[in-house]
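Asks: Generate coordinates for the sequence data below:
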Amino acid sequence: MLSRILAARRLPRTFAVRAYSDSRSEGSVAQSKAFNKKEKAHEDQYIHQHELEQLKKLKAQKQAEVDALTKKESEVEEKMSKK
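Replies: Down below sits the predicted model:
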């Protein structure tokens with residue numbers, strides 16, 4: 001009797017079959033040209049925005065250095081004019 005119960009438990013597992021779709025409609029979105037173009041456009045937009053932010057930071061750093069040099073030059077000129 002125990003063998004019948006074990007066989008009954010194994011039976012559904014051996015006949016279980018997964019149904020996978022063979023059609024291309026499920027993965028066609030990722031393979032379509034329009035999707036690839038849209039994804040590339042989003043990536044390009046992100047990169048462009050990131051580069052603009054980096055340029056703003058660099059311009060701010062440059063301006064800070066120019067201001068510091070201008071201040072140093074004026075200090076040097078003041079010392080030279082006092083002598």
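Asks: just for the chain, where's the confidence low?
Replies: 1-30 (pLDDT under 70).
Asks: residue ranges for the strands of it, please.
Replies: For the chain, strands defined by DSSP state E do not occur.
Asks: residue boundaries of the helices in it?
Replies: Here the chain has its helices, by DSSP state H, at 2-15, 28-31, 33-82.
Asks: Output these as TSV; include the columns mean neighbour count.
Replies: Any C-beta I mention is one placed from the backbone N, CA and C, and that applies to glycine too. Shown next, in TSV, are the helices of the chain (neighbours: other C-beta atoms under 10 Å):
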stretch	mean neighbour count
helix 2-15	8
helix 28-31	9
helix 33-82	10
